[in-house]
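K.L.:
fold the following, please.
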Amino acid sequence: MTIEPTGEDVSALMREALRLGLNVDVWMSRWRNKYPAEAVDGVLVKVPAGSGVTLNGRRPHASQAYVLREAIKALDVEPSEPDWEYYPELDSWTRPLVAPPTDQISPSVSG
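P.N.:
Numbering: from 1, shown residues only. Just a heads-up that it's a prediction; the model follows:
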């Protein structure tokens, strides 16, 4: 039996991400030209000033929780192609995330 993450689970993961120093945003429209909101559940970003994640607030809680867990896991990962895209003019890396089908997402908050 799969336990669906709730809004409270997403909030707990968001607090943990913020505590770890991630900038968490829910404004997907900033990525509309590069990653349409219909196509991604979130976008990870690494810039010299730090790391961040943008959640797609239109997605189910399970997808948002997945993106936050992936963002927390990626904190200590050095970005590289092909998973990440580099923009030299901004010295930034981005990685779009799409959650797997709900029945394949672990309900664990700790990832």
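
K.L.:
buried stuff in stretch 51-64?
P.N.:
In terms of neighbour count (16 or more other CB atoms under 10 Å), stretch 51-64 has its buried residues at Ser51, Gly52, Val53, Thr54, Leu55, Asn56, Arg59, Pro60, His61, Ala62, Ser63, Gln64. Placement of C-beta: from N, CA and C, glycine included.

K.L.:
what about that stretch, how long is it end to end?
P.N.:
17 Å (CA to CA, to the nearest Å).

K.L.:
quick one: it to chain centroid distance?
P.N.:
6 Å (CA atoms, centre = their mean, to the nearest Å).

K.L.:
what do you get for stretch 21-36?
P.N.:
On CA atoms, centre = their mean, the centre of stretch 21-36 falls 9 Å from the chain's centre.

K.L.:
and what of stretch 29-47?
P.N.:
On CA atoms, centre = their mean, the centre of stretch 29-47 falls 9 Å from the chain's centre.

K.L.:
if I pick the residue nearest to Leu18 when sequence neighbours are not counted, what's in contact with it?
P.N.:
Nearest non-adjacent residue to Leu18, counting by CB to CB, 6 or more residues apart in numbering: Val24, 5.8 Å away. Counting by CB atoms under 8 Å, 6 or more residues apart in numbering, Val24 makes contact with Met14, Ala17, Leu18, Gly52, Val53, Leu55, Leu68, Ala71.
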